[in-house]
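*Asks:* Need coordinates for the following:
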Amino acid sequence: MNPLLAQLTAAETDGWWAGFQAFFVAPENAWAVSLLLVLIVGKTIPGMVSLLVWVERRGAALLQDRLGPNRVGPFGILQSIADLVKFIFKEDVLPGHVNKPIFLLAPALAVIPPLVVLSFIPWGANVAIADVDTGILACFAFSSLHVYSVSLGGWASNSKYPLLGGVRAAAQMISYEIALGLSALSVFVIAGTLRLHDVVMFQTDGLTIAGTTYDALWARILDWNLFKQPLGAIIFLIAGFAETNRHPFDMPEAESELAAGYHTEFSSMKFALFFLGEYAAMIVMSSLFIVMYLGGWTFFGVENLLTDWVAEYGAANPGWINWPLIVEAHLHVGIFLGKLAFLLWFFIWVRWSLPRFRYDQLMSIGWKRLLPASLLWFALTAVGVALVR
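*Replies:* Numbering: from 1, shown residues only. Sure thing, here's the model as predicted:
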């Protein structure tokens with residue numbers, strides 16, 4: 001007999017809803033919960049990207065003392081939907097000189113890796129699609145596939161400007177990925193784990209100095225890895241800008257030099273997928289920074305305000321949905337999204353405030369500045385942890 005039907009039959013006296021809830025809490029049906037979360041993330045991220053595009057356009061207008069989109073919907077908030085409709089109905093041009101299989105594959109590779117990485121991000125204490133012990137390794141493994149999208153898109157276009165953009169992207173991402181990984185590795189050395197959930201909890205147990213643990217507000221603030229690993233956080237953030245091809249590291253696009261670079265030959269929804277992939281990569285990089293340096297879903301004890309309520313309700317109402325637990329999950333996700341909104345605005349602010357680097361400056365920063373600094377910081381971290389432990 002189907003397990004779901006068996007559970008529903010056994011719960012007839014308590015009503016259909018009780019059996020439905022029993023199905024989702026059963027350990028053997030964890031796949032159903034994961035599938036539900038995948039569908040939620042798959043629908044939420046495009047919506048977040050749509051909102052982020054509007055924020056970027058309005059933010060750019062604010063910084064440049066102009067209006068920006070203000071016709072479609074209140075304050076132009078529906079402009080992104082209008083742009084999506086435009087992309088859907090635009091002619092999908094497939095140039096005759098391109099390598100068609102790879103040309104069609106490249107836009108998909110721009111979107112799929114960021115969405116997969118988001119499945120490993122712990123948005124709350126009990127809100128994650130895949131909570132694995134080697135979460136950060138999985139994140140880096142999938143995020144590194146993003147370079148194939150840009151480089152293959154440029155190569156498959158069989159045109160000089162896209163090819164130059166693809167070559168620039170490959171060199172840039174390789175250069176900065178090393179510093180990015182080393183700075184992240186320092187965090188996991190002090191935390192003693194690769195599990196992202198444990199890294200968040202490592203930043204909530206109070207600051208320990210000379211064997212004494214302090215739990216005051218100032219200690220909770222300084223317990224964030226942003227203050228324990230300041231140089232590592234700066235290196236990770238700079239490398240994150242380069243890895244997402246964002247200004248001032250947008251050399252693979254460089255409109256003034258390469259006429260949009262690697263995606264010059266793409267049109268319609270294929271171009272839209274590159275656009276979606278860039279903003280999804282911003283969300284991924286910001287989420288990783290929040291988890292590793294900004295305490296994840298925690299905010300100096302605010303995340304624990306509902307803990308007693310959740311426990312009391314669960315004890316008094318066994319077998320039914322613990323609604324306070326759902327409310328607590330929303331609180332955790334809300335804290336996380338607040339930090340995410342700040343970092344995404346920082347990405348936008350930097351784009352419209354700083355000039356683009358020359359390519360020789362970009363490579364010099366990666367190899368001559370960030371790489372030695374990240375190596376030195378990792379060595380100091382490892383020595384410090386060995387002495388303390």
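
*Asks:* Run through this protein and note the low-pLDDT ranges.
*Replies:* Judged by pLDDT under 70, the chain has its weakly predicted residues at 1-43, 206, 208-214, 313-322.

*Asks:* domains for it, by residue range?
*Replies:* 1-89, 92-388 (automatic domain parsing).

*Asks:* Pick the most buried one from those domains.
*Replies:* Taking mean count of other C-beta atoms under 10 Å as the contact definition, the stretch among the domains of the chain with the greatest mean neighbour count is domain 92-388, which reaches a mean of 18. Yep, even glycine has a C-beta here, placed from its N, CA and C like the rest.

*Asks:* Ala110 versus Val147, what's the distance?
*Replies:* In this structure, Val147 and Ala110 are separated by 10 Å, where distance is defined by C-beta to C-beta, to the nearest Å.

*Asks:* make that Pro248, sorry
*Replies:* Summarising the geometry, the distance separating Pro248 from Ala110, computed by C-beta to C-beta, is 21 Å.

*Asks:* just the strands in this protein please.
*Replies:* All strands of the chain, identified by DSSP state E, fall at 207-209, 212-214.

*Asks:* any idea how far the residue nearest the centre of the chain is from Leu306?
*Replies:* For the chain, the residue lying nearest the average C-alpha position, counting by C-alpha atoms, centre = their mean, turns out to be Val284 (1.4 Å). Relative to Leu306, Val284 is positioned 28 Å away (C-beta to C-beta).

*Asks:* do the same with Lys339
*Replies:* Noted for Lys339: a distance of 19 Å to Leu306, by C-beta to C-beta.

*Asks:* Leaving out the residues flanking it, which one is nearest to Ile190?
*Replies:* For Ile190, ignoring the flanking residues on the chain, the nearest one in space by C-beta to C-beta, 6 or more residues apart in numbering is Val385 at 5.7 Å.

*Asks:* what's the distance between that neighbour and Ser186?
*Replies:* Spatial separation of Val385 from Ser186 under the definition C-beta to C-beta is 9 Å.

*Asks:* What of Leu51?
*Replies:* Counting by C-beta to C-beta, the gap between Leu51 and Ser186 amounts to 33 Å.

*Asks:* Then Trp218?
*Replies:* 23 Å.

*Asks:* Equivalent analysis for Leu105, please.
*Replies:* On the measure of C-beta to C-beta, Leu105 and Ser186 end up 35 Å apart.

*Asks:* Same check on Leu164?
*Replies:* Counting by C-beta to C-beta, the separation of Leu164 from Ser186 is 34 Å.

*Asks:* do Ile121 as well
*Replies:* When C-beta to C-beta is the yardstick, Ile121 and Ser186 sit 20 Å from each other.

*Asks:* so where do the helices sit in the stretch 1-150 of the chain?
*Replies:* Remark: helices assigned in the stretch 1-150 of the chain by DSSP state H, counting those that start in this stretch are 3-10, 16-25, 30-63, 79-89, 100-118, 135-143, 146-156.

*Asks:* Who's the closest spatial neighbour of Ser157, skipping the chain neighbours?
*Replies:* In space, Ser157 comes closest to Glu265 once its chain neighbours are excluded; the distance is 4.1 Å by C-beta to C-beta, 6+ apart.

*Asks:* List phi and psi for the one you found.
*Replies:* With angles defined as degrees, to the nearest 10, Glu265 sits at phi -90, psi 0.

*Asks:* these two touch, right, Tyr293 and Asn225?
*Replies:* Yes: the pair Tyr293 and Asn225 passes the contact test of C-beta atoms under 8 Å, sitting 4.6 Å apart.

*Asks:* okay, and the common contacts of the two?
*Replies:* In the contact map built from C-beta atoms under 8 Å, 6 or more residues apart in numbering, the residues linked to both Tyr293 and Asn225 are Val187, Gly232, Ala233.

*Asks:* Next up, the contacts around the last one.
*Replies:* By that I understand Ala233. Remark: with contacts taken as C-beta under 8 Å, 6+ apart, Ala233 is in contact with Ser183, Asn225, Leu226, Phe289, Tyr293.

*Asks:* Let me know whether the first one touches Ile238 as I believe.
*Replies:* No: because the distance of 9.2 Å does not satisfy C-beta under 8 Å, Ser183 is recorded as not touching Ile238.

*Asks:* now the closest residue to Phe300 other than its chain neighbours: how far from Arg356?
*Replies:* Among residues not flanking Phe300 along the chain, Arg220 sits closest, at 4.6 Å (C-beta to C-beta, 6+ apart). Here the criterion is C-beta to C-beta. By it, Arg220 lies 39 Å from Arg356.
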